[in-house]
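Trainee: what follows is a predicted structure for the sequence shown.
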Amino acid sequence: MNPKEKLNLIAPGQVRVRFAPSPTGNFHLGGARAALFNYIFAKQKKGSFVLRIEDTDQERSLKEYEKDIIESLEWLGINWDEGPKNSGYVGDYGPYRQSERLIYRKYIEKLLNEKKAYHCYCSQEDLEAQKQYFMARGEAPRYNGKCSQLTESLDKSSVIRIKVPEKKIKFNDIIRGEVEFDSKTIGDMVIAKNLDTPLYNFAVVVDDYEMKISHVLRGEDHISNTPKQILISESLGLPIPTFCHLPLVLAPDRSKLSKRHGPVSVIDYRKQGYLPEALINFLVLLGWNPGTEREIYSINSLIKDFNLEKVQKSGAVFNIKKLDSINSFYIRQKSIENLTQLSIPYLVESNLITEEEGIYMKKDSKEKISLEFIQKVIALHQERMKNISEISEFSDFFFQEIDYDKDLLIWKDSSQDEVFLSLDNTIKILSEIDDWRKEILDQKIMEEADRIGNRGLVFWPLRVALTGKKSSAGPTEVAEILGKKETLLRINKAKEKIK
């Protein structure tokens, strides 16, 4: 029976999966997707989702990166059943940091006592010579087993290697089907620096066994580790979990997504104003094809509809336009109250406004502004925003003095005199309006545009006068929010520029 068929036979509660990141850098989008797939699979099977921090690389592992992983998962709503929590742990199989799991020695000693592992004293020069020998023969570099023949310990430093029998290593991958490796390409591999310092592949096998992990869902870049972990499990006499290797997240040029392509960490996209529900929705579509035209999925609907059988083998290309489209959708679903609270930090960060104890002021002028005014500004731009950080660029003219070149006021081939006259007529029309609503403003300005037979000559200078921009929300929408007094003031300033 293949792994896909076995998925349907899993009884509720039997699944235990783990997400095991190394805290050696900011939390990568690929890692977030792996965590998401594990989380969804566990919830579907009413199983357990374990977060394990693999921090055995003490030189590169930093607490700040662990903090970033944990906070990013919490922000995304990927909640673990077992793992680090606050200052301690939740779960019965801790500790959940490898650096604190002092359990490996007995497993290493077991292999040494059973002559399945041995101390290797070869120097770097010896190992390099062996490597060159195999490469000269056109074979994969591997250790030749030299120290496995020693009958007594030597008085010098060593590492510990496991004996690897010559055999075909086969396993059934949920996505890829049967995968086969030849152990000749691996050779006797190092499993520990010493009795108390296991290397990655050994620690993973022991931890997965001790934590009763049933399924290992991880990125395709780990597939070369799988035969090594299977060999270690077999030597220790431990059960082997079911494996599932997810396609890599690729850049547009189909290389592995990395910093040279732009932002790649969850925190980068969070800072830019992408919403957690949008990022979740986007990440699940990187490699999973639901088989329909549907693109919008909440995390709860994913638990209902997602299935591993429809995860593709080939790499998934990161498409920022699709992420923007999905994020725009979720922004449009937000209430103005919620979106305003999400947007205010960006207005503060951009030095457009300040906030003290619920009182808002324009940064430059210290003029007080109401929450209602900010909400109107946000509502005006809600349909245009691809991410929340754009609100500062879209709306800066509402909160500060605007400055622009007078040439920007000129509509196409119009003369300065024509633009001046247009602005003057606009002032006269707007001055007579008491019912200051967009509908009324539209009607009156449109009547003027139709009268002179040139809409651009009316609307373009008005837009620039109010916003200082080539593109913005409609000038009458802007005028409605600015109010009559500020609107007339800005148009008069534009007239002065033309003079």
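Mentor: Noted; the coordinates are in hand.
Trainee: quick one, domains of the chain?
Mentor: Segmentation of the chain into domains, based on automatic domain parsing, reads 3-100+249-317, 105-246, 335-398, 406-498.
Trainee: count of residues packed around Gly291?
Mentor: Around Gly291 there are 8 other residues, counting by other C-beta atoms under 10 Å. Placement of C-beta: from N, CA and C, glycine included.
Trainee: and what of Trp75?
Mentor: Residue neighbour count, defined by other C-beta under 10 Å, stands at 15 for Trp75.
Trainee: do the one 4 residues further on as well
Mentor: Close neighbours of Asn79, defined as other C-beta under 10 Å, add up to 12.
Trainee: quick one, what contacts it?
Mentor: With contacts defined as C-beta atoms under 8 Å, 6 or more residues apart in numbering, the neighbours of Asn79 are Tyr39, Phe49, Leu73.
Trainee: re earlier: nearest to Asp324, out of the domains of the chain?
Mentor: In this view, the domains of the chain are compared for proximity to Asp324 by C-beta to C-beta, and domain 335-398 is the closest at 4.2 Å.
Trainee: now the end-to-end length of the closest one.
Mentor: With C-alpha to C-alpha, to the nearest Å applied, domain 335-398 spans 21 Å between its terminal residues.
Trainee: how far does that domain sit from the chain's center?
Mentor: The gap between where domain 335-398 is centred and where its chain is centred comes out at 25 Å by C-alpha atoms, centre = their mean, to the nearest Å.
Trainee: what do you get for stretch 13-21?
Mentor: The gap between the average C-alpha position of stretch 13-21 and the chain average comes to 21 Å, counting by C-alpha atoms, centre = their mean.
Trainee: can you redo the domains of the chain as CSV with distance to Asp324 and mean pLDDT?
Mentor: Formatted as CSV, the domains of the chain follow (distance: least, C-beta to C-beta, whole Å; pLDDT from 0 to 100):
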stretch, distance to Asp324, mean pLDDT
domain 3-100+249-317, 9, 91
domain 105-246, 24, 94
domain 335-398, 4, 96
domain 406-498, 17, 96
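Trainee: now render these as JSON lines, adding distance to Phe329.
Mentor: Converted to JSON lines, those look like this (distance: least, C-beta to C-beta, whole Å):
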{"stretch": "domain 3-100+249-317", "distance to Phe329": "6"}
{"stretch": "domain 105-246", "distance to Phe329": "25"}
{"stretch": "domain 335-398", "distance to Phe329": "10"}
{"stretch": "domain 406-498", "distance to Phe329": "20"}
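Trainee: quick one: residues contacting Lys406.
Mentor: Neighbour list for Lys406: Lys497, Ile498 [criterion: C-beta under 8 Å, 6+ apart].
Trainee: so how far is Thr426 from it?
Mentor: As defined by C-beta to C-beta, to the nearest Å, Lys406 lies at a distance of 16 Å from Thr426.
Trainee: over to Glu71?
Mentor: Applying C-beta to C-beta to Glu71 and Thr426 gives a distance of 51 Å.
Trainee: in the stretch 251-400 of the chain, which spans are helices?
Mentor: 266-272, 276-284, 299-305, 320-333, 336-349, 371-381, 390-395 (DSSP state H, counting those that start in this stretch).
Trainee: before we move on, the earlier item: out of the contacts of Asn79, which sit inside strands?
Mentor: With DSSP state E as the criterion, strands contain Phe49 from among the contacts of Asn79.
Trainee: most neighbours, which of the contacts of Asn79?
Mentor: Counting by other C-beta under 10 Å, Tyr39 has the largest number of neighbours within these, with 26 neighbours.
Trainee: right, and that one touches Ile78 too?
Mentor: Yes - if you go by C-beta atoms under 8 Å, Tyr39 and Ile78 touch, sitting 4.8 Å apart.
Trainee: bridge partners for Glu178, pull those for me.
Mentor: Here Glu178 sits in beta bridges with Asn172, going by DSSP bridges.
Trainee: follow-up on the earlier one: need the contacts of Asn79 in CSV (columns: distance to Asp396).
Mentor: Shown next, in CSV, are these (distance: C-beta to C-beta, whole Å):
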residue, distance to Asp396
Tyr39, 39
Phe49, 43
Leu73, 34
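Trainee: closest to Ser214 out of the contacts of Asn79?
Mentor: For Ser214, the closest of the contacts of Asn79 turns out to be Phe49, at 11.8 Å, with distances computed as C-beta to C-beta.
Trainee: gap between the closest one and Gln229?
Mentor: Separation of Phe49 from Gln229 (C-beta to C-beta): 20 Å.
Trainee: in the host helix or strand of Asp207, what's buried?
Mentor: Assignment of secondary structure by DSSP states H and E places Asp207 within helix 200-210. Neighbour-count burial for helix 200-210, with 16 or more other C-beta atoms under 10 Å as criterion, is recorded at Tyr200, Asn201, Phe202, Ala203, Val204, Val205, Val206, Asp207, Asp208, Tyr209.
Trainee: among those, which two are most distant?
Mentor: For the buried residues of helix 200-210, the maximum inter-member distance is 15.2 Å, found between Tyr200 and Tyr209 (C-beta to C-beta).
Trainee: so what's Leu101 closest to, chain neighbours aside?
Mentor: No, residue 101 isn't Leu; it's Arg. Excluding the flanking residues, the one nearest Arg101 by C-beta to C-beta, 6 or more residues apart in numbering is Pro95, at 5.4 Å.
Trainee: phi and psi next, for the one you found.
Mentor: phi -60, psi 160 (degrees, to the nearest 10).
Trainee: what do you get for Arg254?
Mentor: Backbone geometry at Arg254, expressed as degrees, to the nearest 10, gives phi 70, psi 20.
Trainee: do the one 10 residues further on as well
Mentor: Dihedral pair for Val264: phi -130, psi 0, per degrees, to the nearest 10.
Trainee: that one touches Leu250, doesn't it?
Mentor: No - using C-beta under 8 Å as the test, Val264 is too far from Leu250 to be in contact (11.7 Å).
Trainee: okay, these two: which has more neighbours?
Mentor: Between Val264 and Leu250, counted using other C-beta under 10 Å, the more crowded position is Val264 (22 against 19).
Trainee: for that one, give me its contacts.
Mentor: Val264 sits next to His28, Leu29, Gly30, Leu257, Ser258 when contact means C-beta under 8 Å, 6+ apart.
Trainee: what is the burial count for the fourth one?
Mentor: What it means is Leu257. Applying the criterion other C-beta under 10 Å, we find 22 residues in the vicinity of Leu257.
Trainee: would you confirm that it contacts Pro263?
Mentor: No - Leu257 is not in contact with Pro263 according to C-beta under 8 Å; the separation is 10.1 Å.
Trainee: burial count for the nearest residue to Lys322 once chain neighbours are set aside?
Mentor: Spatially, and ignoring its direct neighbours in sequence, Lys322 is nearest to Phe282 (6.6 Å; C-beta to C-beta, 6+ apart). Other residues lying near Phe282 total 24 when counted by other C-beta under 10 Å.
Trainee: how near is Phe282 to Ser258?
Mentor: Taken as C-beta to C-beta, the spacing of Phe282 relative to Ser258 amounts to 18 Å.
Trainee: same check on Glu432?
Mentor: The spacing between Glu432 and Ser258, counted by C-beta to C-beta, is 61 Å.
Trainee: higher neighbour count, those two?
Mentor: For Glu432 versus Ser258, the count of surrounding residues by other C-beta under 10 Å is larger for Ser258: 11 against 8.
Trainee: for stretch 189-196, give me every contacting residue.
Mentor: Identification of contacts with stretch 189-196 by C-beta under 8 Å, 6+ apart yields 102, 104-105, 108-109, 111, 117, 120, 143, 158-162, 164, 198-199, 201-202, 228, 231-232.
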